[in-house]
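In: dropping the sequence and predicted coords here.
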Amino acid sequence: PEAEFSYYTSACSNGVVTFFDESSASLAQIVSWTWTFAPGYHSSMQNPTHQFSQTDTTYVVMLAILDSKGCRDTIYKDVNIPADLQVDINHAQDCYGHPMEFSASIVQPLPNSLFSYDWNFGDPASGITNTSSLAEPTHIYTSPGIYIVKLEYTDQYGCSGTVTKELTVFPLPQPDFSWDTDECDSVFRFTSVSVAPGYEIQSLTWKFGDGTTPQYQSGAGMGYIEHTYHSFGTWPVTLIVESSNGCLDSITKDVTRETCIIPGIAFDEIVCQNAPVIFNTTSTVSPAIFSWYINFGDGSDTTYFESDGYIGHIYRQTGIFTIEYTVSAMVNGVMVSETIYREIEVLPAPDANFYTGPTCVGDPVNFYDSTTSVDSYVTAWQWNFGAPGPEDTSTMQSPSYFYQSTGDYNVTMVALNNFGCYDTVIKTIDVA
C-alpha cells in the first residue's frame, strides 16, 4: 500500500487539526491506521482530529497503514500549526474618578484586525455604561477597587474569542492645606494636611494664584512652604497632590491678604471749574501713615508727609478726571502702600464780566452784563455797586445805579450758572 494524508486547520482552530486519510492499496483493503501526532499522542482512527498543545509551530506527524494482505507503509509529514488568535486588553489611567481608556490589540496572527467588540467593564454599579461595543471605549469606575474586564471579539476572518484582564482602580489622594500669616504681613505660611490612604504622598505642587511660578516639592521636608504676596487682595491657591500610586487630585482655596491700609477720600458732589476743591482724606492704617500722594488727573499731583486731613486743588479745565490716591505706611519694617481711584466731574463755570455806560454823578450809571458761559447758561446775578448804604445791590442782569458823589467805586458782580457754579468779577469805576 501507499500511505498518504492531508489536513485542515486555521487560526480560529486554536491548534485543532483535522486529518484526512488519502492512502491507497492495490488489490487489497487498508485495514488499520496508526497516527502519531507527537510523543505520547496517537490515534487509530482513519480520519482523526487532534488539538496540538502549541501553535505557530510545525509538528512531524506519522501515519502507518496496514492492508488486508499484511503489507505496510509509513509516511511522515510536516504539519504547520498556525498562530491562534490572541488578543490583549490595553488600558490607560488607573485612577478613580478619571475616564479609563480601553483598547484591544492582536498579539497573533499578524496582520489581522478585529471586526467586532463586546466589552464588559466588570462594574455593574455603573448601570448601562458597564458595557460598550466601541473599539476604544472609556469608562469611569464607580469606586476604587479590583475589577475584571472582559472582551468578546471577532476578527476580520470570522474568528471569535474572549479575553479577560484584572485591573486595579486606585484611590485618589485627599488634598488639603491650611495657612496663617501675621497681621499686616505679606508673608503667608502654607502647610499641607493632605493624606493618601494606603499610599504615600509622592509630590506637592503649589500654585499661589498671583502669576508666580508654581512650586514643586518632593521628598523630605515637603508640605510646608512660605509665599510673599506683594499686594493686597484675594488669590486662588491650588495644591496638587500626587500619591505613590501615580494618582493626582487638587484643591483650590481663596487666600486673602487683608488690607492694612484703608485709603479714603471724599469731595463735594458739585465741583466747579476755577473753584477750590477740598478733598477730605479719611485713611486708616494700623501703623502711622508715612505719606499721602494724590494725582488729580489733570496733569498735576502732590505728596504730603504731614496732613490735617484736607487737601485743596483748583481745576482749570472741565471734564471727568480720575484721581489716584495712595497712602503709604511702614509695616513690619517694609514700606507698603494702598491705592484707590475715584472719578471726579468738573462742571463749567461762567466767566463773569461787565461794562458800563457814562459814569457821571447825579445821572444813572448803566451796567451791562457781558458774562460768557460755555456748555451752560447764567441763571442769576448779584451786584454790589461799592457805594455806602443798604441800597447799593441788585439781582438784575444789567441794572442801573445813581451815585451821589464823585470818586472811585469797586463794583462786584457774581454770575451763577445752571450747574450752581459761579464766578466773580470786581472792577473800579471813576464817577466824575
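Out: Perfect, thanks for sending it.
In: remind me which residues of the protein are low pLDDT?
Out: 283-287, 332 (pLDDT under 70).
In: mind listing the helices for the stretch 251-400 of the chain?
Out: In the stretch 251-400 of the chain, no helices are defined using DSSP state H, counting those that start in this stretch.
In: what residues of stretch 158-168 count as buried?
Out: 159, 161, 163, 167 (16 or more other CB atoms under 10 Å). From N, CA and C alone the C-beta is placed, and that goes for glycine too.
In: redo the residues you listed as CSV? Include distance to Tyr153 and secondary structure.
Out: Putting the buried residues of stretch 158-168 into CSV (distance: CB to CB, whole Å; DSSP: H, G, I helix; E, B strand; the rest coil) gives the following:
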residue, distance to Tyr153, secondary structure
Cys159, 9, coil
Gly161, 6, strand
Val163, 7, strand
Leu167, 18, strand
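In: and those residues as CSV, adding distance to Gln108?
Out: As requested, the buried residues of stretch 158-168 are exported to CSV (distance: CB to CB, whole Å):
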residue, distance to Gln108
Cys159, 12
Gly161, 12
Val163, 13
Leu167, 23
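In: tell me which two of the residues you listed sit farthest apart.
Out: Farthest apart among those by CB to CB are Cys159 and Leu167. That separation is 25.2 Å.
In: gap between the host helix or strand of Ile106 and the chain center?
Out: According to DSSP states H and E, Ile106 maps onto strand 100-108. Put simply, strand 100-108 sits 34 Å off its chain's centre (CA atoms, centre = their mean, to the nearest Å).
In: elements contacting it?
Out: Using 3 or more CB pairs under 8 Å, 6 or more residues apart in numbering; DSSP states H and E, the elements in contact with strand 100-108 are strand 86-92, strand 114-120, strand 138-139, strand 145-155, strand 160-169.
In: export the fourth one as CSV, just CAs?
Out: Same thing as strand 145-155. The C-alpha coordinates for strand 145-155 follow below in CSV (Å, rounded to 0.1, in the frame of the first residue of the first chain):
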residue,chain,number,x,y,z
GLY,A,145,-11.0,48.5,43.8
ILE,A,146,-10.2,45.5,41.7
TYR,A,147,-12.2,44.7,38.5
ILE,A,148,-12.3,42.0,35.9
VAL,A,149,-12.7,43.4,32.4
LYS,A,150,-14.0,41.0,29.7
LEU,A,151,-13.9,41.4,25.9
GLU,A,152,-15.6,39.2,23.4
TYR,A,153,-14.3,39.8,19.9
THR,A,154,-14.4,38.7,16.3
ASP,A,155,-11.7,39.3,13.8
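In: OK, contacts around Gly362?
Out: For Gly362, the contacting residues are 402-404, by CB atoms under 8 Å, 6 or more residues apart in numbering.
In: one step back: in the strand holding Ile106, what counts as buried?
Out: Neighbour-count burial for strand 100-108 [16+ other CB under 10 Å]: 100, 102, 104, 106.
In: please consider this matter closed, and thank you.
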